[in-house]
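Q: I need the structure of the sequence given here:
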Amino acid sequence: MYNWNELKVWKKFIIDNIPYEVLTYAQKVMWRWWSIINIKIKNLLSGWTLSKTISDTDKFKPADISYNNYDYLYNDGDNYYFMNQSTYEQVALPKKVLWWAEMFLKDWDKVTLQEFNENPININLEPSCELEVIETPPWERWDTATWWKKPATMSTWLVIQVPLFINIWDKLRIDTRTKEYQSRA
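A: Residues are numbered from 1 along each chain as shown. Now for the predicted structure:
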């Protein structure tokens, strides 16, 4: 069981048989030996976040989350399909769970699936990915003196802001957490 002081950022625990992950943690001392803890947690099954206030007497059961390597195969509009790299077993995750990651997935990408009670619940992406520019407006030489940016549509239909010197068919490294341009690949 986790005590209040063990419940730090990225720890995973269970409330009402649902796994949660701590996103933020803040402790406030109210009285001599009494304090409250404000945490922001993410439901690992649905992806929703919520804020919760707990006391220093609460205890939480750790969530048994395992991680396995999978290859992303394809999506059919409703589900995303992955294949286990060691057993070749295929699993599907619903689109509502991966709404944030769909713009970074390409066929045969290597991903790590989170499993709770041996059922896949979510994926972990690499911190950055390589995508190809399929559409961006042209630029003029005089534009390089400023820090202006222009929109670029990537091969997965993700639209991001890029520097003016980026052209169509360039491969770019994109941060998967912030959806921002990092560099040319």
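Q: Now for residue 20: which residues touch it?
A: For residue 20, the contacting residues are 12-14, 41-44, 63, by C-beta atoms under 8 Å, 6 or more residues apart in numbering. From N, CA and C alone the C-beta is placed, and that goes for glycine too.
Q: after the helix or strand it falls within, next one along is what?
A: Using DSSP states H and E, the element containing residue 20 is strand 18-29. Using DSSP H and E, the next helix or strand after strand 18-29 towards the C-terminus is strand 35-43.
Q: partners of that following strand in the sheet?
A: Strand pairing for strand 35-43, determined by DSSP bridges: strand 18-29 (antiparallel), strand 49-55 (antiparallel).
Q: The helix or strand just after the last one packs against which elements?
A: What it means is strand 49-55. Beyond strand 49-55 on the C-terminal side, the first helix or strand identified by DSSP H and E is strand 61-62. Where contact means 3 or more C-beta pairs under 8 Å, 6 or more residues apart in numbering; DSSP states H and E, strand 61-62 is packed against strand 12-15.
Q: what packs against the strand it packs on?
A: strand 18-29, strand 61-62.
Q: weakest of these in terms of mean pLDDT?
A: Mean pLDDT values for the helices and strands packed on strand 12-15 show the minimum at strand 18-29, a mean of 88.
Q: what comes into contact with stretch 95-112?
A: 45-47, 67-75, 77-80, 82, 85, 121-125, 129, 131, 154-158, 174, 176, 179.
Q: Generate a ChimeraX selection restricted to the buried subset of those residues.
A: Typed into ChimeraX, the line below selects the buried ones among the contacts of stretch 95-112, using 16 or more other C-beta atoms under 10 Å:
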select :68,70,71,72,73,75,79,80,82,121,122,123,125,129,131,154,174,176
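Q: So which of the contacts of stretch 95-112 sit within helices?
A: Among those, no residue falls in helices (DSSP state H).
Q: Quick check, pLDDT for the closest residue in space to residue 171 that isn't next to it in sequence.
A: Leaving aside its sequence neighbours, residue 171 sits nearest to residue 185 (C-beta to C-beta, 6 or more residues apart in numbering; 4.0 Å). Residue 185 is assigned 85 on the pLDDT scale.
Q: likewise residue 143?
A: 58.
Q: again, but for the one 10 residues further on
A: Reported pLDDT at residue 153 in the predicted model: 95.
Q: Can you name the residues that contact it?
A: Neighbour list for residue 153: 133-136, 159 [criterion: C-beta under 8 Å, 6+ apart].
Q: can you check residue 39 too?
A: Residues in contact with residue 39 (C-beta under 8 Å, 6+ apart) are 7, 22-26, 51-54.
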